[in-house]
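Peer 1: predicted structure and sequence below. I'll ask about it afterward.
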Amino acid sequence: MSNGPKPKVAFFDFTSCEGCQLTVIDSLQTHPELLEAVDIVEFREAMSEKSDRYYIAFVEGSCVRESDEKRLRDIRERAAIVVALGACAHLGGVNAIRSLHDLEEARQYVYGDKGHWFENYDVKAISQVIDVDAVIPGCPIDRDEFIQVVRTLLQGRDPKLPTYPVCIECKLHENVCIYDRGGVCLGPITRAGCQAICPSYGVGCDGCRGLIPFPKINSLKNVLAERGLSDEEINDKLAIFLTNQIAQFEEMEDSYVS
Amino acid sequence: MSHNVNIDIHHITRVEGHGNIVVDVVNGELRKCDLEVTETPRFFEQMLLGRPYQDASTITSRICGICAVGHATTSLRATEAALGVVPSEQTKLLRRLNFLGEILDSHILHVYMLVAPDFLNVGSVIPLANAAPDVVLRALRMKKLSGDLCKIISGRHTHPIAMTVGGFTHFPTTAELYEMRDRFNDTWADVEATLDLFSTLPIPDFERETEYIALRNEAYYGFIDGDIVSSDGGKWPLHDYKTVTNEKVLPHSSAKHCSNQRDSYMVGALSRYKLNHDLLHPRALQAADVLGLEPSCTNPYMNSVAQVVEIVHCIAEGEKLIDMLLQREVVWEDPVEPTRLSGEGVGSCEVPRGVLFHHYKIEDGRISGANCIIPTNQNVANVEADMRELVPTLMEMPQDDIAHRLEMLVRAYDPCISCSTHLLEVKFE
């Protein structure tokens, strides 16, 4: 690093479990040098200090109300680079499952007659509100990928995410295919970069890193149907993390799958 | 002497989630003393409706990044109770060991990175890393041990992968368990250094007796299953949890409040210690002596100290459980299948911040009803009761010091505000 002032980095949280920020703290276990390279100026979960200009602003969490939009735009104005940190910011995350239900019904189910105290609307990824320069996908993010992205950004380059599916990494790990074990897996349509961690621990991919650039969703649905899943079961599987992305891609798919 | 105090701490830092402290004293009269919780509601219970029962633990672990294993385990226990699943002895041991990893990880994060800066006169763990790098490196080392423990059992701590209804989908190897056993043994030097540090920190004096509630399992100290017990007397089976929690929405507060036999009660490490100290490992009891923690303690600031005692317990208990697993040898087991696809069940665990309940109704394999009661919700009324009694005793202090003392109080409870799926945002005045 040069001897000039260190780049200022800040972390902001919206609707989320804050597990991605926790993963950032955990990445210090193996990469304490991160603290040498940057000046962390705002990180409410871990510190009390505050600042007003940032080189990189990491945003965790989904946008779920009007006041979030204002806060996001404010962060955008003050940051040279905005990074969506984790599935909630990138895709809407599990929060987006709620969008499948009627909002009034949701309020009433959880809060009874006090539901009108909210100002929530359907869950948004932060890129639906502000320009986002880079994404670190996943629920939670992968520690090594986080370090890699920070390193790339500090070198003034654009981070590149894998464009191939989880299946590639799963094969490299020599896992027995989840389908061959009688399970269901979204690996064929999901962006790699997680080292196929879920299949490696015996569980099918839920798609937390989002779709690859040209996902063959309808083909995957056919495979799932052949395995005996009903339409409802197929949609349940796709709706853990991909609620917001699926609809949009299904329309596109017709144009590139002949 | 100040007769007017106006404190408005917007977004308390070094806690998980978003909350505010608002105190208003006019002419010596305490007009307002609230812990406002401004985390956005997340509707987890509603998200579960209509979904296959297998998804419940995957989705609810996302309630909280810090207690993801706790939510997943509690969720699995609720589903298993509903569907008549009795997990194997090996599953129970692996879940207990995994849970120790989470308690350790969360407590180390809290006492070292969130609480200690208050006593070492630094704003946060970042300057602490410059002022006392050995302290921060020790915390990171101990955190890595707990995270690696969760990794060999369930894939990772946030969010666990290999835990499923009826068992696991992956198992630690003997070599991994041996390596973990050695690392636990090597951690005792860090544990001793932790005790040295926390026995010197000046914990504020403040006593207020309240009702203390925790799970109790006669076989061992925490953290999965048991009966609900109270320091005021009383013992309830898990399925009667609602008679203990009595959740209600109050207009003056942004969170649902809970009360049992008094206006409020406390959950968390201090409550567990008070109600279960006889079950602690002898080394943890020695640690309590060193730290000056006694079962009669009624100082809420001592919750952080009780967490340090539990850190000692978890290291000792972890060694014991790894030895048990090595002795019996971990074998590949398929998860136990449900005996029925409809039913109703309550699961409960002592997660780092206190007792957690998940309650599900399942019909034909799909969730038709869900309720989660989170420790932080149960504590909010008690934090406010503490603040109401504490503020008048601090009136001689400068306002900034009062504010800091109140923030330290809230932090001592280790609130996990994202967790509190019931919490609301309300506009005040």
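Peer 2: That came through, no problem. Numbers count the residues shown, from 1 in each chain, chains lettered A, B, ... in the order given.
Peer 1: how about the helices in chain A?
Peer 2: Ranges of helices in chain A, per DSSP state H, are A:19-30, A:34-37, A:66-78, A:87-91, A:103-111, A:143-154, A:166-172, A:197-200, A:217-226, A:231-238, A:243-256.
Peer 1: pLDDT wise, what is residue 213 at?
Peer 2: Unless you meant another one, I'm taking chain A. Here the pLDDT value assigned to A:P213 is 91.
Peer 1: please refer instead to chain B.
Peer 2: Confidence score, pLDDT, at B:I213: 98.
Peer 1: could you say what helices and strands whichever strand or helix holds it packs with?
Peer 2: Under the criterion of DSSP states H and E, B:I213 resides in strand B:211-216. Applying 3 or more Cβ pairs under 8 Å, 6 or more residues apart in numbering or on different chains; DSSP states H and E, one finds that strand B:211-216 contacts strand B:227-230, strand B:265-266, helix B:269-276, strand B:343-351, strand B:354-363. (Each C-beta comes from the backbone N, C-alpha and C, glycine too.)
Peer 1: which of those is buried the deepest?
Peer 2: Of all those, strand B:265-266 carries the top mean neighbour count, a mean of 27, counting by mean count of other Cβ atoms under 10 Å in any protein chain shown.
Peer 1: show me the contact partners of it.
Peer 2: B:210-213, B:230, B:258-259, B:300, B:354, B:378-379, B:381-382, B:413 (Cβ atoms under 8 Å, 6 or more residues apart in numbering or on different chains).
Peer 1: how about the residues you listed in a markdown table, adding distance to B:T174?
Peer 2: Converted to a markdown table, the contacts of strand B:265-266 look like this (distance: Cβ to Cβ, whole Å):
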| residue | distance to B:T174 |
| --- | --- |
| B:T210 | 47 |
| B:E211 | 46 |
| B:Y212 | 41 |
| B:I213 | 40 |
| B:S230 | 43 |
| B:C258 | 44 |
| B:S259 | 49 |
| B:P300 | 44 |
| B:G354 | 35 |
| B:Q378 | 40 |
| B:N379 | 41 |
| B:A381 | 48 |
| B:N382 | 45 |
| B:Y413 | 40 |
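Peer 1: pick out the most distant pair among these.
Peer 2: The span of these, defined through Cβ to Cβ, is set by B:S230 and B:Y413 at 18.2 Å.
Peer 1: select, out of the helices of chain A, the one closest to A:V132.
Peer 2: Of those, nearest to A:V132 by Cβ to Cβ is helix A:87-91, at 8.1 Å.
Peer 1: if we can go back for a sec, closest one to chain B among the helices of chain A?
Peer 2: Of all these, helix A:19-30 sits nearest to chain B, with 2.2 Å by Cβ to the nearest Cβ.
Peer 1: how far does that closest one sit from the chain's center?
Peer 2: 16 Å (Cα atoms, centre = their mean, to the nearest Å).
Peer 1: sorry, back to before: which one of the helices and strands packed on strand B:211-216 lies closest to A:I81?
Peer 2: So among those, strand B:343-351 is nearest, using Cβ to Cβ, at 35.8 Å.
Peer 1: looking at it, B:A412 is touching B:N303, isn't it?
Peer 2: Yes - counting by Cβ atoms under 8 Å, B:A412 does reach B:N303; the two are 4.9 Å apart.
Peer 1: and the one helix or strand B:T376 maps to, what does it pack against?
Peer 2: Using DSSP H and E, B:T376 maps to helix B:375-390. With contacts taken as 3+ Cβ pairs under 8 Å, 6+ apart, helix B:375-390 sits against strand B:29-37, strand B:256-257, strand B:265-266, strand B:354-363, helix B:399-412.
Peer 1: per-residue confidence for residue 65?
Peer 2: All of this is about chain A. 85.
Peer 1: not quite, go with chain B.
Peer 2: Looking at B:G65, the pLDDT reads 90.
Peer 1: dump stretch B:32-39 to PDB, restricted to CA.
Peer 2: The C-alpha atoms that make up stretch B:32-39 are tabulated as PDB, following Å, rounded to 0.1, in the frame of the first residue of the first chain:
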ATOM      1  CA  LYS B  32     -39.800   8.700  29.500                       C
ATOM      2  CA  CYS B  33     -37.400   5.900  29.700                       C
ATOM      3  CA  ASP B  34     -37.700   3.600  26.700                       C
ATOM      4  CA  LEU B  35     -35.700   1.200  24.700                       C
ATOM      5  CA  GLU B  36     -37.200   1.700  21.200                       C
ATOM      6  CA  VAL B  37     -36.600  -1.000  18.700                       C
ATOM      7  CA  THR B  38     -36.600   0.300  15.100                       C
ATOM      8  CA  GLU B  39     -35.500  -2.900  13.300                       C
END
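Peer 1: what about it, average pLDDT?
Peer 2: Averaging pLDDT along stretch B:32-39 yields 74.
Peer 1: stretch A:68-87 too?
Peer 2: Averaging pLDDT along stretch A:68-87 yields 94.
Peer 1: again with stretch B:121-138
Peer 2: The model assigns stretch B:121-138 a mean pLDDT of 84.
Peer 1: from the chain's centre, how far out does that stretch sit?
Peer 2: For stretch B:121-138 - counting by Cα atoms, centre = their mean - the centre lies 24 Å from the chain centre.
Peer 1: and that stretch, how far apart are its ends?
Peer 2: The straight-line separation of the ends of stretch B:121-138 (Cα to Cα, to the nearest Å) is 19 Å.
Peer 1: report the buried residues of it.
Peer 2: B:V122, B:S124, B:V125, B:I126, B:L128, B:A129, B:V135, B:V136, B:R138 (16 or more other Cβ atoms under 10 Å in any protein chain shown).
Peer 1: A:I81: which of those residues is nearest?
Peer 2: Of all those, A:I81 sits closest to B:I126, with 20.2 Å by Cβ to Cβ.
Peer 1: pretty sure that closest one sits against A:E42.
Peer 2: No - look at B:I126 against A:E42 with Cβ under 8 Å: they stay out of range, at 10.4 Å.
Peer 1: burial of residue 222, as a residue count?
Peer 2: Let's take chain A. A:N222 sits with 12 neighbouring residues when counted by other Cβ atoms under 10 Å in any protein chain shown.
Peer 1: chain B, not that one
Peer 2: 27.
Peer 1: is it true that it touches B:R272?
Peer 2: Yes - proximity of B:G222 to B:R272 meets the contact threshold set by Cβ under 8 Å, at 6.0 Å.
Peer 1: intersection of neighbour lists for these two?
Peer 2: With Cβ under 8 Å, 6+ apart as the test, B:G222 and B:R272 both reach B:L215, B:E310, B:E350.
Peer 1: residues touching A:P159, list them.
Peer 2: A:A134, A:Q148, A:V149, A:T152, A:L153.
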